[in-house]
Structures are given as structure tokens and as C-alpha cells.
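> Here is a sequence together with a model predicted from it:
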Amino acid sequence: MTTFVKRLSGPPAAAPAAGSAPGAGSASSVPYGVSPAVTLGLFAAWALHDAEEVAFGPRWIRENVPVLRRRFPQLPESVGEFMGTFDDREFRAAVGVMAVIVAAAAVSGQRSGGRSAFFQSTLDGFGLHGLLHLAQAAAVRGYTPGSATSPVLVLPFTLWARGRLRRAGVLRPLSVRGAVAGAAVAGAATVVSHTVARILIGRGRRAKRGSVRG
């Protein structure tokens, strides 16, 4: 992971040339523009990655929660219970909520020319999310949903996008604080998406039961 963070950080940006006019670092004067493939591409890359999770996630969780509890007895009971109650509708709803969050970050990045802290933190969180998938696969010594697209899509896209931002002169240097911020954005978005999904699905179930009784 240290190597990945170093690659994310990259070399320091070059100092402005002597005699350059004020504002030379503005979007109109940077040597490379930030393409929509970088900003809006974040949403596209996330959608392709999450398609794998939607296709295999709920079933994998249902089938492997008992195995995980036996292999990792230190796993908090609340976490095991939460995972064990997942169903397909709730999982898809959570992905839908996450789609809104990632889309908002991508649009923010596009409107700001890639400068948006929200966009860059989400991009960093996306890359760290890919590392987490690989760590999960290593921990269970097998496949986990999301681990197939992480090494071929999530990590390469993150490194490429950060490289384009660096060339445009708008990349925020990745520090420990920045990595923590990226992880916090990813973690918070995951918690919010699953919480909202559980509330929405729970309301739908209660409404359905009420209509049947009526």
C-alpha cells in the first residue's frame, strides 16, 4: 500500500517559469486540460466496478457470512448480523444512493476543471476502495465481489486520472491527511448509502404489509 500511495503522490509539480504572469496556473494557461474522461470518467469507472458487486455481492455475502464468522471469530457480532440480513433489493438501493454521490463528485470535478476537493477525495477513495477489495480477497484467500475489477480497472483508472490532474497542474498532493480524507469519504459514502437503502426498503416493506392488511 505504501508503494501505491507513493505512486499516487507522484513527483512534485514544477515551479512556474521565471517571469511568468500572475495567474499562470489558471485553467486557461495550464499545459494540459482536464478531459471529461478524467472527471466524468470517474463515474463510468465506478459504474463498471459496481456492476461486478451488484452481480455477485448479495449472493456471495449470504453464502459466506457463516464461513467468515468461523474464520474470523473476532468479527463483531453486529457486523455479521448486518451482513447476514442483506438482500438483493437493499443492495441495489445502496448502489443507487452511491451512484448519486459519485455522480455529484464527478460533476463537481468537471465544473471545477478537476480542482474540486470533493472530486479528488472521491477519486482517492475510489483507489483506496480498490486496495481494500484486494486486501479482502487476500484475507479470505479467494474471490470477493469487487476484487476482479479492482486490479484491472479501479487502480489503473485512479493512477491515470491522478496523472492527468498532475499534468494539468491541479492535483492536490497526496499526504497522509489526504489519504485519510479519501478513505473517510469512501467510508462515509458507504455507510450513508447502506443506511438510506435500509430505511427506504424498510419503509417499502411496511407499506406493503399495510396494504395487504387493508
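Sure, I can see it.

> Low-confidence bits of the chain, can you list those?
Where the chain drops to pLDDT under 70, the residues are 1-32, 78-86, 202-214.

> all helices of the protein, in order?
2-9, 36-71, 77-84, 88-111, 117-140, 155-167, 176-213 (DSSP state H).

> Now render those helices as TSV, adding mean neighbour count and distance to residue 149.
From N, CA and C alone the C-beta is placed, and that goes for glycine too. Converted to TSV, the helices of the chain look like this (neighbours: other C-beta atoms under 10 Å; distance: least, C-beta to C-beta, whole Å):
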stretch	mean neighbour count	distance to residue 149
helix 2-9	14	16
helix 36-71	17	5
helix 77-84	12	21
helix 88-111	18	14
helix 117-140	21	8
helix 155-167	20	10
helix 176-213	14	16
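
> can you redo those helices as JSON lines with distance to residue 146?
Listed next are these as JSON lines, based on distance: least, C-beta to C-beta, whole Å:
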{"stretch": "helix 2-9", "distance to residue 146": "16"}
{"stretch": "helix 36-71", "distance to residue 146": "5"}
{"stretch": "helix 77-84", "distance to residue 146": "14"}
{"stretch": "helix 88-111", "distance to residue 146": "12"}
{"stretch": "helix 117-140", "distance to residue 146": "4"}
{"stretch": "helix 155-167", "distance to residue 146": "12"}
{"stretch": "helix 176-213", "distance to residue 146": "12"}
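
> need the contact list for the residue most central in space within the chain.
Nearest to the geometric centre of the chain sits residue 126, at 3.1 Å (C-alpha atoms, centre = their mean). The contact partners of residue 126, by C-beta atoms under 8 Å, 6 or more residues apart in numbering, come to 42, 45-46, 102, 154, 157-158, 186.

> rewinding a little: residue 148 is nearest to which of the helices of the chain?
Residue 148 lies closest to helix 36-71 among the helices of the chain, at 5.9 Å (C-beta to C-beta).
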